[in-house]
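Visitor: Below are the sequence and a predicted model; questions follow.
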Amino acid sequence: MDTAMSRAAAPAPAGAAPESATTGTIGSTGTTGTTGTTGTTGTTDIATKTATDAPDAPTGTAPTTAPAPTGTPPTRTAPPATAGPGPATSAGVATALWGRTEQQDFRSRVRGTLLGTAIGDALGAPVAGLSLSGIRETHGLAGLTEPAPAHGRRGTVTASTQLTLFTVDGLIRAHVRRDTGGWHPPTDVHRAYLRWAATQHDWGPDERRKDNGWLAGEEWLYARRGPDRACLTGFADDILGTLEQPKNPTARDAAATVRSAPFGLLVGWEPALVLQLAVECATQSHGHPTAYLSAGSLAVIVHGLTRGETLDAAVRRALGLLGTRPGHQPVTDALQRAVAAVTLQAPSPRAVESLSPGDGRDAEDALAVAVYCALVAEDVPHGLRLAVNHGGDSTATGALCGALLGALHGETALPPAWLADLEGRATILELADDFALEMTQGPALHGPSASAPGWLARYPRA
C-alpha cells in the first residue's frame, strides 16, 4: 500500500520474509571485546553475520561503492563507522563508500527524523491530557491546527524530545568509545539517559562532570517538561535494566517508544539488530513487553524509511520481525489495525480514536495512531494535525508521527513556520549533523591514525 506522499523506494522483500530476529543481547563478551548477539541457539557476532542477512540497499540514490572484498574478512568488534547504504559484505553490514548524494540524503533524513519528532511533540503538548471534545472547545471545531503555547510559549518541546536527543548522544558516544576496545551500545545509551536524568533535578550544567560533553551543557534542556514516571525511576540510579531484569516491568506507556527513533538511523545495521538494540535500551525504564517491543518496532520502521523503503514495506518488515518475540501480539495487532484502517474510512479524529481500544496511552496504541496518520498524510502538517487531535497521548503520537514523516521525506518537507518557532532548533540541527558526520566520517574524526580533539571534547570516551 502506498502512502499519499510516498517517494521512490526499495521494494519489500519477497514474500515479506524478514531476517531472523535475534533474542539475546548486544554487547561485548569475555575479555576480548567480541561484539555479538547471544541467543538461545548460539552466538551471532555482529561483525561476522552472513551477507544474505543484510538489508537491501535503498533506491533513489546512486551510491559509489567499493569492490566487495575477497576472502574472509578479519573479525571486527563493531560495525564499521562508515557503514552506510550500499552492497553488503560478509561482515553483515553495508560497507560501501558514502557518495556525496548519499551523504546529503542521509543527513536530510536524520535531520527530518529529529526535527519531525520535535515539532510533533511541540504540536501535541498544548492538548496533552485533553479529550477530543476538550480540544474542540479550546481550539474550535477543527481542533488544533497550528502550534499553540505550552510551557510558556509556542514551540516548546517536552521530555519526549529531550530523551530523543540524549539517545542520539549515546549512540555517537558508543561509536567513539569502540576505539578503546569496548563495544556495548546499551551501556553508552544508558549513560546518556543518566545525563538526561541530571537535567531533571539540577539547576543547570555541572562543569565538574567531565563526561557531560556538549549536549548536557545546553542550559535549555534543564527543564522538567512532563517526564514520564517510569523514566524518572528507571534512571534514578546507575543500575542497567536488561531484558532479563528490566526496570518497571509493568510500565507500558509510550515514553520509551518515543525516544527510540534514533536507533532506526543506524542504516548500516541489520533490521534485526536495530530491533534488538532498541528493545534492550527500552527495558532500561519500561519493562512491559508491549512497551519495549513498540520501541523496537518504531526503530525498525524508521530504519526502513531511512534506507528508502515505503512506509507500508517498513511496517511489514517490523511485523515479520515481531513474530518471533514473546509477548508481541498486542503490538502486532495494533500495527495491523493501523494498516487496515487506511481503507476502512476517511481520515478523521474518530478514525484515529478507533485505533485505541483503551485510553490511547499505551505504547502500542500510540504507535498505531502514528503509523496510521503517517500512512494517510497528504503532507506533513496534515499528518501531524491528525496525530494530535484525539483524546490519547497527543505528545507521544505527534512526536512518533513526526519522526516517521521526517525519516520518510527528509527535513525539507517539514513546515518552515513551525520550525521557526521550535525550541532548541539549533541544538537539534547540530546534533543531527554530528550524528550524520559520525556515521559517515567516523574514522577521520577518531581512531588509531587520526584524532580530532574537538570531537572527543564533544563526545568524551569516558
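Guide: Noted; the coordinates are in hand.

Visitor: Quick check: the residue positioned nearest the centre of the chain vs residue 270, distance?
Guide: Centroid-nearest residue in the chain: residue 261, 1.1 Å away (criterion: Cα atoms, centre = their mean). Distance of residue 261 to residue 270, computed by Cβ to Cβ, to the nearest Å: 18 Å. In this view, the C-beta of every residue, glycine as well, is placed from N, C-alpha and C.

Visitor: about what we covered before: got a list of what the residue nearest to the centre of the chain touches?
Guide: Contact analysis of residue 261 by Cβ atoms under 8 Å, 6 or more residues apart in numbering lists 113-114, 117, 164, 167, 298-299, 302, 400, 403, 407.

Visitor: Out of those, give me the one that has the most neighbours.
Guide: residue 400 (36 neighbours; other Cβ atoms under 10 Å).

Visitor: Skipping adjacent residues, who's closest to residue 231 in space?
Guide: residue 285 (4.9 Å; Cβ to Cβ, 6 or more residues apart in numbering).

Visitor: Apologies, that question was intended for residue 281.
Guide: In space, residue 281 is closest to residue 189, 4.8 Å off (Cβ to Cβ, 6+ apart).

Visitor: That neighbour: what's it in contact with?
Guide: Residue 189 neighbours (Cβ under 8 Å, 6+ apart): 167, 170-171, 174, 281, 284.

Visitor: can you tell me how far residue 222 sits from residue 375?
Guide: 37 Å.

Visitor: When those two are compared, which one has more neighbours?
Guide: residue 375 (25 against 17).

Visitor: tell me which strands and helices whichever strand or helix holds that one is in contact with?
Guide: Element membership of residue 375 [criterion: DSSP states H and E] is helix 363-376. Helices and strands touching helix 363-376, by 3 or more Cβ pairs under 8 Å, 6 or more residues apart in numbering; DSSP states H and E, are helix 255-258, helix 289-306, helix 311-322, helix 329-341, helix 349-353, helix 380-388, helix 394-409.

Visitor: Put the alpha carbons of the last one into PDB.
Guide: Put plainly, it is helix 394-409. The C-alpha coordinates for helix 394-409 follow below in PDB (Å, rounded to 0.1, in the frame of the first residue of the first chain):
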ATOM      1  CA  SER A 394      -1.000  13.600  21.900                       C
ATOM      2  CA  THR A 395       2.600  14.500  22.600                       C
ATOM      3  CA  ALA A 396       3.700  10.900  22.000                       C
ATOM      4  CA  THR A 397       1.600  10.400  18.900                       C
ATOM      5  CA  GLY A 398       2.700  13.700  17.500                       C
ATOM      6  CA  ALA A 399       6.300  13.000  18.100                       C
ATOM      7  CA  LEU A 400       6.100   9.500  16.700                       C
ATOM      8  CA  CYS A 401       4.300  10.600  13.600                       C
ATOM      9  CA  GLY A 402       6.800  13.400  13.100                       C
ATOM     10  CA  ALA A 403       9.700  11.000  13.300                       C
ATOM     11  CA  LEU A 404       8.100   8.700  10.700                       C
ATOM     12  CA  LEU A 405       7.300  11.600   8.200                       C
ATOM     13  CA  GLY A 406      10.700  13.200   8.800                       C
ATOM     14  CA  ALA A 407      12.500   9.900   8.100                       C
ATOM     15  CA  LEU A 408      10.300   9.300   5.000                       C
ATOM     16  CA  HIS A 409      10.600  12.700   3.400                       C
END
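
Visitor: Let me know how buried residue 438 is, in neighbour terms.
Guide: 22.

Visitor: Now do the SS call for it.
Guide: helix (DSSP: H, G, I helix; E, B strand; the rest coil).

Visitor: Hmm, residue 445 and it touching each other?
Guide: Yes: using Cβ atoms under 8 Å, residue 438 makes contact with residue 445 at a distance of 6.8 Å.
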